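>>> Starting from these lines, generate the structure:
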Amino acid sequence: MFGIKQSLTVCIIICGIVLTANACTVTMEELAIWSGGSIGTGSGVAITGPIASAKGINLNTSSSVNSVYTAGSIWLGSKVTVSGEAIANKGIDKSKTAVITGYSNGNAGFELPKLDYLTQNTIGTTSVYVPWKGSTILKPGDYSSWSLSSNTTTNLSAGSYNLSSFWVGSGSVVNVDTSAGDVVLNVAGEFSVSSGVTFVSSGSGTLRVNVFKSDAWFDSKSKLTGIVSVYGGGLTTGSSVGLIGSVYATGNVYLGSDSTVTYSAFSIPEPTSLVIFATMSMFLVVRNQRRGAKGTSTAA
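The predicted structure follows:
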């Protein structure tokens with residue numbers, strides 16, 4: 001992919017976001033992580049799926065990732081493995097023991113615009129509190145804050161939950177039943193997941209977590225399967241966090257040591273399905289000046 005002489009022009013459209021590049025096609029839905037800031041990791045982080053950022057990518061000791069793309073620079077620490085391409089605008093630096101198995105270009109002319117977004121204005125006045133070791137069943141609707149204490153069990157069903165903030169204590173379980181459709185958390189403020197929290201999904205739908213005007217925090221050993229989108233902030237994790245799906249953040253993304261992001265192909269909803277998406281278009285330009293390349297490109 002991108003291993004050709006001529007310039008490539010790639011178009012992105014949010015809500016059915018598509019990147020196309022001659023014989024090679026990449027969609028936004030194929031990205032494990034998309035960041036409007038920088039992407040960084042602690043040691044031993046494993047990411048399956050391509051990642052892309054506007055301001056740089058910094059992978060620390062013994063981390064592994066597929067293809068990486070950034071309008072900034074790339075730094076690869078000792079024993080880091082990039083099993084695909086490495087594309088950057090401001091250079092690629094790596095330790096002697098770091099490996100890039102695919103094509104690399106540190107002066108690519110890559111441009112990743114900031115992700116536009118709509119604010120989340122719909123919230124309610126009913127707050128939710130679950131005491132230690134308590135359990136609750138919550139129905140879709142408009143809420144104020146959610147405060148779920150340690151070792152609690154919360155059960156969610158298909159639909160949209162609009163709330164002002166979300167906090168769940170350590171060792172808790174959030175059961176997500178998507179058998180009748182997606183479960184959507186629209187959080188208009190703080191989103192904080194404590195250590196050892198597990199989101200357990202069942203059904204054919206998807207858990208979608210949308211955070212607005214705040215950062216998202218996942219503490220050590222927490223686990224979630226779904227799509228996490230952070231609009232107006234970044235996403236940070238503690239160590240040994242497991243995320244399955246995709247992460248989108250307008251700010252920085254940092255993954256703590258020994259964490260994993262495992263890409264899974266969940267479809268992006270239509271713009272009428274969620275308040276967060278606006279119809280918009282952005283353009284991503286990759287100019288690949290591989291002067292010594294010969295022949296034609298092949299599909300990825």
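>>> Return stretch 82-91 as PDB; C-alpha atoms alone will do.
Output of stretch 82-91 as PDB, limited to C-alpha atoms (Å, rounded to 0.1, in the frame of the first residue of the first chain):
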ATOM      1  CA  VAL A  82       5.900  -2.300  12.800                       C
ATOM      2  CA  SER A  83       4.600  -5.200  10.700                       C
ATOM      3  CA  GLY A  84       3.400  -3.000   7.900                       C
ATOM      4  CA  GLU A  85       4.100   0.500   6.600                       C
ATOM      5  CA  ALA A  86       5.500   3.600   8.400                       C
ATOM      6  CA  ILE A  87       4.400   6.900   6.800                       C
ATOM      7  CA  ALA A  88       5.300  10.300   8.400                       C
ATOM      8  CA  ASN A  89       5.900  13.900   7.400                       C
ATOM      9  CA  LYS A  90       8.600  14.900   9.900                       C
ATOM     10  CA  GLY A  91      10.900  11.900   9.900                       C
END
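>>> In that stretch, which residues are buried?
Of all the residues in stretch 82-91, those buried under the rule 16 or more other Cβ atoms under 10 Å are 82, 84, 85, 86, 87, 88, 89, 90. All C-beta spots, glycine's among them, are computed from the backbone N, C-alpha and C.
>>> Tell me, how many residues neighbour residue 179?
Residue 179 has 10 neighbours, counted by other Cβ atoms under 10 Å.
>>> If you could redo that for residue 251, that was the one I meant.
So residue 251, with other Cβ under 10 Å, has 20 neighbours.
>>> Identify the farthest-apart pair in the buried residues of stretch 82-91.
Taking Cβ to Cβ, the two most distant members of these are 84 and 90; they sit 19.6 Å apart.
>>> where does the stretch 201-300 of the chain have low pLDDT?
Applying pLDDT under 70 to the stretch 201-300 of the chain flags the ranges 266-300.
>>> let's see it at 80
By pLDDT under 80, the weakly predicted segments of the stretch 201-300 of the chain are 265-300.
>>> Tell me where it has strands.
Secondary structure of the stretch 201-300 of the chain by DSSP state E, counting those that start in this stretch: the strands cover 207-212, 216-218, 223-231, 235-237, 242-249, 253-255, 260-263, 280-286.
>>> Could you export the ones you listed to JSON lines, including columns for distance to residue 103 and mean neighbour count?
What follows is those, written out as JSON lines (distance: least, Cβ to Cβ, whole Å; neighbours: other Cβ atoms under 10 Å):
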{"stretch": "strand 207-212", "distance to residue 103": "34", "mean neighbour count": "24"}
{"stretch": "strand 216-218", "distance to residue 103": "33", "mean neighbour count": "23"}
{"stretch": "strand 223-231", "distance to residue 103": "29", "mean neighbour count": "23"}
{"stretch": "strand 235-237", "distance to residue 103": "29", "mean neighbour count": "25"}
{"stretch": "strand 242-249", "distance to residue 103": "24", "mean neighbour count": "23"}
{"stretch": "strand 253-255", "distance to residue 103": "24", "mean neighbour count": "25"}
{"stretch": "strand 260-263", "distance to residue 103": "20", "mean neighbour count": "20"}
{"stretch": "strand 280-286", "distance to residue 103": "12", "mean neighbour count": "16"}
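>>> Of those, which is nearest residue 102?
Of all the strands of the stretch 201-300 of the chain, it is strand 280-286 that lies closest to residue 102, at 14.4 Å by Cβ to Cβ.
>>> Much appreciated, bye for now.
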